[in-house]
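Undergrad: Any chance you could fold what I've pasted below:
(one chain, ligands or ions: 1)
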Amino acid sequence: MSGFRRAGQMVLALLALAILVAGREPAARGEGPTPAAASPDSCQRAKFRVVVDVGHTIDVPGAISARGIPEYAFNLQLATQIKQDLVAAGFDETVLLITATAPWRGLVERAARANAMHANLFIAIHHDSVPDNLLQAWQYAGQEEHYNDDYPGYAIFISNDNGDRAGSLMFGGFLGTELQARGLHYTPHYTLALMGHRRRELVDAKAGVYRYDQLIVLRETRMAAVLLEAGSIVNRQEELQLATPERRSLTSAAIVAAVEDFCAARAKPVTAKTAHSAH
Ligand SMILES: [Zn+2]
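TA: Got it, this is the predicted structure:
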């Protein structure tokens with residue numbers, strides 16, 4: 001009950017942000033990449049199940065943006081759009097996964113549900129922050145809030161302990177390529193020493209795919225799985241962009257294109273094998 005009320009407040013706060021940025025220049029918009037070379041019927045979209053996982057929960061909502069909005073509100077809005085766009089593209093079996101159970105039980109539950117549904121692909125939707133020691137204080141709307149303007153951009157994570165490590169790496173590569181084709185860039189800061197124990201190995205330096213073996217939703221899922229940090233909500237400029245329908249559409253279109261690429265690659269096992277060249 002209070003959860004619904006809070007969800008309403010979060011959406012209102014996001015709307016307020018969207019109004020704030022109305023009139024500013026739209027997010028970078030690229031022409032879509034050329035469609036995958038695969039023939040249209042090689043991928044059976046109606047049978048290909050994608051689970052779109054809304055990161056965090058209404059009660060444990062993740063990071064707090066530079067303007068005080070919980071990450072969960074951003075995740076829910078973007079994931080909802082992705083689900084709609086995948087269904088519109090013919091991926092009728094797409095499931096929007098919303099979990100109320102707090103971590104880590106809730107994290108295990110997400111993976112278990114995706115496994116039970118026999119999903120072909122699992123995509124966790126998140127928005128990024130930085131470690132607390134890299135945050136600075138500022139005043140926004142009469143409140144003290146926290147920001148870091150240094151590391152805008154998306155980041156993609158995979159786990160080598162995932163049930164389909166090769167598929168995860170392949171999809172991560174497709175996703176990064178499609179995001180960049182639309183003018184978006186990944187953040188390289190996860191490789192920096194200042195990230196401490198949150199430092200990660202960059203396994204695909206072109207697409208922006210990092211290795212994060214311990215992530216439960218990636219480790220416990222049997223199908224290809226990635227976690228997307230769609231951008232930094234503690235970055236004061238990028239937060240405004242992430243709150244716009246234009247930026248959500250851009251990210252969502254990249255995901256749909258990457259899912260099409262992946263589904264097509266998986267429909268042709270021989271090609272899929274040669275595409276995996278990590279080792
Ligand atoms: Zn998150």
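Undergrad: ok, the residue of the stretch 1-150 of the chain found nearest the ion - contacts?
TA: Closest contact between the stretch 1-150 of the chain and the ion, by CB to the ion, is at His126 (3.5 Å). (Glycine included, C-beta is placed from N, CA and C.) Listed by CB atoms under 8 Å, 6 or more residues apart in numbering, the contact set of His126 reads Gly55, His56, Gly62, Glu71, Asn75, Leu227, Leu228, Glu229, Ala230.
Undergrad: Rebuild those residues as a markdown table, extending it with pLDDT and secondary structure.
TA: Below are the contacts of His126 laid out as a markdown table (pLDDT from 0 to 100; DSSP: H, G, I helix; E, B strand; the rest coil):
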| residue | pLDDT | secondary structure |
| --- | --- | --- |
| Gly55 | 98 | coil |
| His56 | 97 | coil |
| Gly62 | 97 | coil |
| Glu71 | 98 | helix |
| Asn75 | 98 | helix |
| Leu227 | 98 | strand |
| Leu228 | 98 | strand |
| Glu229 | 98 | strand |
| Ala230 | 98 | strand |
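Undergrad: Could you tell me which of those residues count as buried?
TA: Neighbour counting by 16 or more other CB atoms under 10 Å classes Gly55, His56, Gly62, Glu71, Asn75, Leu227, Leu228, Glu229, Ala230 among the contacts of His126 as buried.
Undergrad: could you redo those as TSV and give each row distance to the ion?
TA: Converted to TSV, the buried ones among the contacts of His126 look like this (distance: CB to the ion, whole Å):
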residue	distance to the ion
Gly55	4
His56	6
Gly62	4
Glu71	5
Asn75	7
Leu227	8
Leu228	10
Glu229	7
Ala230	10
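Undergrad: Redo those as JSON lines? Include distance to Ala119.
TA: Shown next, in JSON lines, are the buried ones among the contacts of His126 (distance: CB to CB, whole Å):
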{"residue": "Gly55", "distance to Ala119": "16"}
{"residue": "His56", "distance to Ala119": "20"}
{"residue": "Gly62", "distance to Ala119": "22"}
{"residue": "Glu71", "distance to Ala119": "23"}
{"residue": "Asn75", "distance to Ala119": "18"}
{"residue": "Leu227", "distance to Ala119": "15"}
{"residue": "Leu228", "distance to Ala119": "16"}
{"residue": "Glu229", "distance to Ala119": "21"}
{"residue": "Ala230", "distance to Ala119": "20"}
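Undergrad: Can you give the strand pairings for the strand or helix carrying Ala137, parallel or anti for each?
TA: Assessed by DSSP states H and E, Ala137 sits inside strand 136-140. For strand 136-140, the paired strands and their directions (DSSP bridges) are strand 143-147 (antiparallel).
Undergrad: got the contact list for the strand it pairs with?
TA: So strand 143-147 is contacted by 64-68, 135-139, 234-236 (CB under 8 Å, 6+ apart).
Undergrad: Try it again at 6 Å.
TA: Here strand 143-147 makes contact (CB atoms under 6 Å, 6 or more residues apart in numbering) with Ala66, Gly68, Leu135, Gln136, Ala137, Trp138, Val234, Arg236.
Undergrad: Those: which ones sit near the ion?
TA: The subset of the contacts of strand 143-147 within reach of the ion, counting by CB under 5 Å from the ion, is empty.
Undergrad: Quick check: ChimeraX command selecting the buried ones in these.
TA: Buried members of those, defined by 16+ other CB under 10 Å, are picked up in ChimeraX with:
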select :66,135,234,236
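Undergrad: Take the contacts of strand 143-147 and lay them out in TSV including pLDDT.
TA: Below are the contacts of strand 143-147 laid out as TSV (pLDDT from 0 to 100):
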residue	pLDDT
Ala66	98
Gly68	98
Leu135	98
Gln136	98
Ala137	98
Trp138	98
Val234	98
Arg236	98
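Undergrad: The contacts of strand 143-147: which two are farthest apart?
TA: Maximum pairwise distance among the contacts of strand 143-147 (CB to CB): 14.6 Å, between Gly68 and Gln136.
Undergrad: how about stretch 52-64: buried residues?
TA: Residues of stretch 52-64 classed as buried by neighbour count (16+ other CB under 10 Å): Val52, Asp53, Val54, Gly55, His56, Thr57, Ile58, Pro61, Gly62, Ala63, Ile64.
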